[in-house]
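Novice: What follows is a predicted structure for the sequence shown.
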Amino acid sequence: MIAYTLAYEVISADPETRAQLLAQGMDTVYLQRQASSWWPEGFAGTRSVDSFRCLLDEMVGLGILRHAGEGRYGLRSPNVLNLLGTDEEIEARLLEPREPEPRYEPVQMRTPMGDPLHGRRSPMTWQQESILRGDARLFLIVGTAAGGLGDVPERLEHVFGGQPLSQVAGGTRLRDFRAELQKQAQQGGATIVVPSGLEWNSQWLKAAAGAIESQPAGLRVVFLCDPSRLWQMLPPDNPVPDLQGIEAALITLAPWADEALRVWLDDCQINATPDERRAVAAATGNWPLVLYRFLELARAATSWRDAIATLEQELSPGTEFGALVLQRLGLDHPEAGRIFRQPQHGIDMSETDFLF
């Protein structure tokens, strides 16, 4: 944008001024003002002259601009002007829609799991992983298979790098769990993961809280809670679980934010405009399970737009993948079905309408 702004000033000037701009460059303050007028959002973070000058110096290092005197910068050579295109092309580039670089907000971004090109991302945001690394020792991670709950144990190995990770085996009872807590505490601690497939309840949480209180250093306990486990912990006659006195950090696995989707598409080498990205979000709900399926289809299709059309067909009512998504979201539970069958202010809304 800066190079095109400087180039536009050159090509729109009269012959005498054009020669002067090519020889003497442009004042930093004026160049900043002109570039910001073309793209206010893009330069919102470089409002000071010093920060803008840092960008100009980087472009000097890249061989695009040159220092042209005190506080002045110009194109490296007239050849750069030719490389940027014709007069019409330069103006068109300045007028085309664009968006700022992604904002890497911890509350939105997710770490790749393996090669970024393969597409898998942590089910937790940077902020949530920071909570796991913090002072808390008891965690309740609530989510669905569609949201990546099954990937949590693998990701925990990296989050707690180096500390032993022990997953409670299927069929374990409360007394066995208490014994495991005591053993791990005596051995110096570990991270114990309680899967959602176990029939654990608030008594298990209280047992873990008690063990951590008596042996706070080194012992962490992570409970994974899917919709089925949550429904069982919230019976109709008592919709609030008995968690009194339990200090557990709650982490909820949610669909990806738009900025996370944007970075993911870039890493997967799928170029998409904001409107196209909204189309992907509308088709997938930004749920990882559906996004990963979209990526498979996009890499096999002629264009990713064809992939969206195929995905929408696969998610149609009565399809195998559509049923799988509802099941992975926990919406196949009888209680969930009862809620969706209730009239919602006179609006007939299906599970798919609710999700996407």
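Specialist: Noted; the coordinates are in hand.
Novice: Residue 196: what's its closest spatial neighbour, skipping adjacent residues?
Specialist: Leaving aside its chain neighbours, residue 196 sits nearest to residue 226 (4.0 Å; criterion: C-beta to C-beta, 6 or more residues apart in numbering). Glycine gets a C-beta too; all of them are placed from N, C-alpha and C.
Novice: In this structure the one you found contacts residue 140, no?
Specialist: No. Counting by C-beta atoms under 8 Å, residue 226 does not reach residue 140; the two are 11.9 Å apart.
Novice: ok, those two, which is more surrounded?
Specialist: More crowded of residue 226 and residue 140, by other C-beta atoms under 10 Å: residue 226, with 23 against 20.
Novice: how close does the more buried one get to residue 141?
Specialist: Distance, residue 226 to residue 141, by C-beta to C-beta, to the nearest Å: 10 Å.
Novice: what's the overlap in contacts for the two?
Specialist: Residues touching both residue 226 and residue 141 (C-beta atoms under 8 Å, 6 or more residues apart in numbering): residue 149.
Novice: What pLDDT is listed against the residue nearest to residue 133 when sequence neighbours are not counted?
Specialist: Closest residue to residue 133 apart from its sequence neighbours, by C-beta to C-beta, 6+ apart: residue 159 at 6.4 Å. Turning to residue 159, the model gives it a pLDDT of 93.
Novice: cool, and residue 24?
Specialist: 86.
Novice: go on, residue 87?
Specialist: So residue 87 comes in at 78 (pLDDT).
Novice: quick one: it and residue 10 touch, right?
Specialist: No. Residue 87 sits out of contact with residue 10 when judged by C-beta under 8 Å, with a separation of 9.8 Å.
Novice: ok, then the element right after the host helix or strand of residue 232?
Specialist: Following DSSP states H and E, one finds residue 232 within helix 227-233. Using DSSP H and E, the helix or strand that follows helix 227-233 in sequence is strand 249-252.
Novice: could you say what helices and strands that following strand packs with?
Specialist: helix 126-132, strand 138-142 (3 or more C-beta pairs under 8 Å, 6 or more residues apart in numbering; DSSP states H and E).
Novice: Give the pairing partners of that strand; include direction for each.
Specialist: Strand 249-252 sits in its sheet next to strand 138-142 (parallel), going by DSSP bridges.
Novice: Many thanks, we can stop here.
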